[in-house]
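Undergrad: can't give you the sequence, but here's the structure:
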């Protein structure tokens, strides 16, 4: 895993991290790791399948409607686009 160096961190941020490490009983590195993980991985994630199912329920779709859509769905494999760009 790459190493990250943070320079010129404001004193207030440094003090806040020190307080958090004491409260949580962790090292500064562990606390910063937790802060970063929490900031990039929010607690609530949108699950596309769940959102689509909810949308279908709100629209009043039934299993018969879904079956009809499946029967009429185009199952032809997609053809990849051909790259026509020049050299960079």
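TA: Right, received. Where do you want to start? This is a predicted model, so every value here is computed, not measured. Numbering: from 1, shown residues only.

Undergrad: Now do stretch 22-34: distance to the chain's middle.
TA: Distance, stretch centre to chain centre, for stretch 22-34: 23 Å (Cα atoms, centre = their mean, to the nearest Å).

Undergrad: mind listing what's buried in that stretch?
TA: Of all the residues in stretch 22-34, those buried under the rule 16 or more other Cβ atoms under 10 Å are 31, 32. Using the backbone N, CA and C atoms, a C-beta is placed for each residue, glycine as well.

Undergrad: And the helices in this protein?
TA: Ranges of helices within the chain are 11-24, 28-40, 48-59, 63-72, based on DSSP state H.

Undergrad: Residue 84: which of those helices is closest?
TA: Proximity to residue 84 (Cβ to Cβ) singles out helix 48-59 among these, at 31.7 Å.

Undergrad: and the angle for the closest one with helix 63-72?
TA: Per axes from the mean of the first three to the mean of the last three Cα atoms, to 10 degrees, the angle that helix 48-59 makes with helix 63-72 is 120 degrees.

Undergrad: What average pLDDT does helix 48-59 get?
TA: The average pLDDT within helix 48-59 is 90.

Undergrad: so where's this structure shaky on pLDDT?
TA: The chain contains residues with pLDDT under 70 at 42, 86-88.

Undergrad: Which among the helices of the chain is found nearest to residue 83?
TA: Per Cβ to Cβ, nearest to residue 83 of the helices of the chain: helix 48-59, 28.5 Å.

Undergrad: Just the residues contacting the closest one, thanks.
TA: 65, 66 (Cβ atoms under 8 Å, 6 or more residues apart in numbering).
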